[in-house]
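need a 3D model of the following:
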Amino acid sequence: MFDFIGNRIGFEYLYSVEIIAHNPLSDQQYLLQEAYDTLVKEHQKLQFDYQYLQQQLSELKRMIFGSKSERFISSETGQLDLFVEQLEVSTTEPESIEISYTREQQVAEKRLPVRSSLPSHLPRIEETIEPDDILPGSKKIGEEITEVLEYNPSSIFVRRIVRPKYILAEQERIIVAPLPSLPIPKGNAGAGLLAHIMVSKFVHHLPFYRQQQIFKSQHLDISKGTLCNWFNATTKLLEPLYDTLQKELLQSSYLQVDESPIGVHDTAKKGKLHMGYHWVHHAPIERLVLFKYDPSRSRKVPEEILQEYTGTIQTDGYSGYLNLRTKGNITLLACMAHARRYFEKALDNDASRASYVLEQIQYLYAMERKTRERKSTFELIKRYRELCAVPILNSLETWLKDQILQVLPKSAIGKAIGYTLKLWDKLKRYITDGRYKIDNNLVENTIRPLALGRKNYLFAGSHKAAQKAAILYSFFATCKVNNIDPYTWLKDVLESIQEYKVNRLDELLPNKWEAP
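Model prediction:
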């Protein structure tokens, strides 16, 4: 490439000399300078393009062959200890003394593997094996006990409800006990089976056709159409509770939001797959998660969902959340993890600058980790941030503004610095309130089941089916952040929701639900 540039410069020089020979002497300097400036600009452009293509090739190799981990190990890890010591001095609350020491590495002796004991809550089925050669008069002096984990396939049974009928001779009428409420009126699927099917698909990522094969192995033939009908009936039953979930979530003053694509079979365009989006909302304080499906990724979607909302939302920097036309006042936060990823990708391009920023961000995360370990109050978290995070942020801002003038805009490090400075006010706003998180990772964690599910069922059958899936994803994600077993919760809700009072539906939400 550089040989090409050199040849090009030589050609342009000879061409300019030939021109000068036919021009007055006064024009020689002007023409030479003009030719030189043109070649310098072309040379710089080729350098920019070359570095950009190198960056793209490096990123492609990393995606195909490289590690997916974003972990960064600082070369000056000792500074993190000093940072933690500053936190310990800043608080007036009594804290336990932490003693750290180093132990010389010793060669570990070869030991036999230690088998962990089996969980005590599992039921035990005893099996006694007597020896064959027991002589008369032998006395039992003890037992050898061996415990082995075993498994029986999940059992499917028929619940047979018998209601005796009686006739009252004096009143000339027949009485019979009322039938317990069933999830699907006049249907033959119980709450336990429906809960198992929904959890299998939206938590364990088993599409309906795979579940159909599993049922066949248990000598039960359930058609895929029947499974789809049960899915539709289950989500219809949960719609009032879903509306309650959305109402409760939008009352939170702090939300984390993100969106994730999903393929949808578009019945209007035969043979084509439409790319729709699940818009995900997470209330960290209230521990609620809401999925909303929409065929579009335009700004109109968050404007409609957040039309009455007033509070703070944290995003990944997507421009669709800027200047929302809503009735309430919305404050925006950005995600430090997204900014960090740009610098982590720029390590191959400019290791010195990228490492410096990653180290500074590492100090910020060290403080956040320490406050979580201490279970600090929101007020104490804010005090820690003002004392320790603000100086780092101010210093980093000055450094970024200085470096943006010294790097190529299209280079990986240039993009990282540019992206961070564009969102800087929103990135550092987390220090103003102890409730705010430094990044958007919690809402991204709630999207992972959707990403895993997409790899198995590939796409939704229709736009309506995608929104019905959003209902179940919402409840199961909320169960996860509240450490609740989704099967136990859904089975109980399906058994009781039809008889529940509308003004008390919030009691069935996973963050308020109590196991029977």
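
please make it C-alpha for all contacts and neighbour counts, starting now.
Fine.

low-confidence ranges in the protein?
Within the chain, the stretches with pLDDT under 70 are 1-28, 55, 62-63, 66-115, 271.

please, where are all the strands along it?
In the chain, the segments counted as strands under DSSP state E are 165-168, 173-176, 254-265, 273-283, 288-294, 311-314, 330-333, 459-460.

buried stuff in the second one?
Going by neighbour count (16 or more other CA atoms under 10 Å), nothing in strand 173-176 comes out as buried.

and it, which strands flank it?
With DSSP bridges as the test, strand 173-176 is paired with strand 165-168 (antiparallel).

show me the contact partners of the strand it pairs with.
Contacting residues not belonging to strand 165-168 are listed as 173-177 [CA atoms under 8 Å, 6 or more residues apart in numbering].

distance from the chain centre to that strand, please.
59 Å (CA atoms, centre = their mean, to the nearest Å).

my read: residue 344 touches residue 358, true?
Yes. Counting by CA atoms under 8 Å, residue 358 is a contact partner of residue 344 at 7.3 Å.

select, out of the strands of the chain, the one closest to residue 478.
Residue 478 lies closest, by CA to CA, to one member of the strands of the chain: strand 288-294, at 5.2 Å.

other SSEs contacting the longest helix seen in the chain?
Scanning the chain for the helix with the most residues, using DSSP state H, yields helix 28-65. With contacts taken as 3 or more CA pairs under 8 Å, 6 or more residues apart in numbering; DSSP states H and E, helix 28-65 sits against helix 2-21.

how about 10 Å then?
With contacts taken as 3 or more CA pairs under 10 Å, 6 or more residues apart in numbering; DSSP states H and E, helix 28-65 sits against helix 2-21, helix 336-345, helix 412-422.

which residues in the stretch 351-500 of the chain form helices?
Counting by DSSP state H, counting those that start in this stretch, the stretch 351-500 of the chain has helices at residues 351-374, 378-384, 390-403, 412-422, 424-427, 441-457, 463-481, 486-496.

could I get the ones you listed as JSON lines with distance to residue 434 and mean neighbour count?
Below are the helices of the stretch 351-500 of the chain laid out as JSON lines (distance: least, CA to CA, whole Å; neighbours: other CA atoms under 10 Å):
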{"stretch": "helix 351-374", "distance to residue 434": "10", "mean neighbour count": "17"}
{"stretch": "helix 378-384", "distance to residue 434": "4", "mean neighbour count": "18"}
{"stretch": "helix 390-403", "distance to residue 434": "14", "mean neighbour count": "14"}
{"stretch": "helix 412-422", "distance to residue 434": "22", "mean neighbour count": "21"}
{"stretch": "helix 424-427", "distance to residue 434": "14", "mean neighbour count": "18"}
{"stretch": "helix 441-457", "distance to residue 434": "16", "mean neighbour count": "17"}
{"stretch": "helix 463-481", "distance to residue 434": "20", "mean neighbour count": "22"}
{"stretch": "helix 486-496", "distance to residue 434": "30", "mean neighbour count": "20"}
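
next, format those helices as a markdown table and append distance to residue 50.
As requested, these are exported to a markdown table (distance: least, CA to CA, whole Å):
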| stretch | distance to residue 50 |
| --- | --- |
| helix 351-374 | 18 |
| helix 378-384 | 45 |
| helix 390-403 | 21 |
| helix 412-422 | 13 |
| helix 424-427 | 30 |
| helix 441-457 | 35 |
| helix 463-481 | 44 |
| helix 486-496 | 53 |
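
residues in contact with residue 339?
By CA atoms under 10 Å, 6 or more residues apart in numbering, the residues touching residue 339 are 316-317, 358, 361, 416-421, 423-424, 427, 439.

can you tell me the distance between the two ends of stretch 158-178?
End-to-end distance for stretch 158-178, by CA to CA, to the nearest Å: 19 Å.

in it, what's buried?
Within stretch 158-178, no residue qualifies as buried by neighbour count (16+ other CA under 10 Å).

starting at the chain centroid, how far to it?
53 Å.

between the helices of the stretch 351-500 of the chain, which one is nearest to residue 39?
Residue 39 lies closest, by CA to CA, to one member of the helices of the stretch 351-500 of the chain: helix 412-422, at 24.3 Å.

give me the helices and strands touching that closest one, please.
helix 28-65, helix 336-345, helix 351-374, helix 390-403, helix 424-427.

save those helices as a markdown table, and put in distance to residue 498 too.
Output for the helices and strands packed on helix 412-422, formatted as a markdown table (distance: least, CA to CA, whole Å):
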| stretch | distance to residue 498 |
| --- | --- |
| helix 28-65 | 50 |
| helix 336-345 | 43 |
| helix 351-374 | 41 |
| helix 390-403 | 53 |
| helix 424-427 | 45 |
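
of all those helices, which one is nearest residue 255?
Relative to residue 255, the nearest member of the helices and strands packed on helix 412-422 by CA to CA is helix 424-427, separated by 14.3 Å.

now for the closest one, which elements pack on it?
Checking 3+ CA pairs under 10 Å, 6+ apart, helix 424-427 ends up next to strand 330-333, helix 336-345, helix 390-403, helix 412-422.

tell me what the first one is packed against?
With contacts taken as 3+ CA pairs under 10 Å, 6+ apart, strand 330-333 sits against strand 254-265, strand 311-314, helix 424-427.

re the thing from before, just the strands of the chain: most buried one?
Mean neighbours per residue, mean count of other CA atoms under 10 Å, is largest over the strands of the chain for strand 288-294, with a mean of 25.

how far away from the center of its chain is that one?
From the chain centre to the centre of strand 288-294 is a distance of 13 Å (CA atoms, centre = their mean).

relative orientation of that strand and helix 463-481 in degrees?
170 degrees (axes from the mean of the first three to the mean of the last three CA atoms, to 10 degrees).

pairing partners for strand 288-294, with directions?
Taking DSSP bridges as the criterion, strand 288-294 forms sheet pairs with strand 273-283 (antiparallel).

thinking residue 384 is in contact with residue 366, fair?
No. Using CA atoms under 10 Å, residue 384 makes no contact with residue 366, being 11.6 Å away.

before we move on, the earlier item: need the contacts of strand 165-168 in JSON lines with distance to residue 193, can you?
Converted to JSON lines, the contacts of strand 165-168 look like this (distance: CA to CA, whole Å):
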{"residue": "173", "distance to residue 193": "36"}
{"residue": "174", "distance to residue 193": "33"}
{"residue": "175", "distance to residue 193": "30"}
{"residue": "176", "distance to residue 193": "27"}
{"residue": "177", "distance to residue 193": "24"}
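
quick one: which of these is nearest residue 302?
Proximity to residue 302 was ranked across the contacts of strand 165-168 by CA to CA; first place goes to residue 177, at 49.6 Å.

which residues touch the closest one?
The contact partners of residue 177, by CA under 10 Å, 6+ apart, come to 162-166.

between those residues, which is closest to residue 214?
residue 162 (29.7 Å).

residue contacts, that closest one?
Counting by CA under 10 Å, 6+ apart, residue 162 makes contact with 177, 179.

how near is it to residue 180?
From residue 162 over to residue 180 the distance is 11 Å, taken as CA to CA.

ok so, going back, quick one: closest of the strands of the chain to residue 504.
Among the strands of the chain, the nearest to residue 504 by CA to CA is strand 288-294 (17.1 Å).

between the closest one and strand 254-265, how many degrees?
Put simply, strand 288-294 runs at 40 degrees to strand 254-265, going by the same axes, to 10 degrees.

is it true that residue 459 touches residue 277?
No. Between residue 459 and residue 277 there is no contact under CA under 10 Å: 11.6 Å.

overlap in contacts, these two.
With CA under 10 Å, 6+ apart as the test, residue 459 and residue 277 both reach 262-264, 466.

from those residues, which is closest to residue 323?
Minimum distance to residue 323 across the shared contacts of residue 459 and residue 277 is 25.9 Å, recorded for residue 262 (CA to CA).
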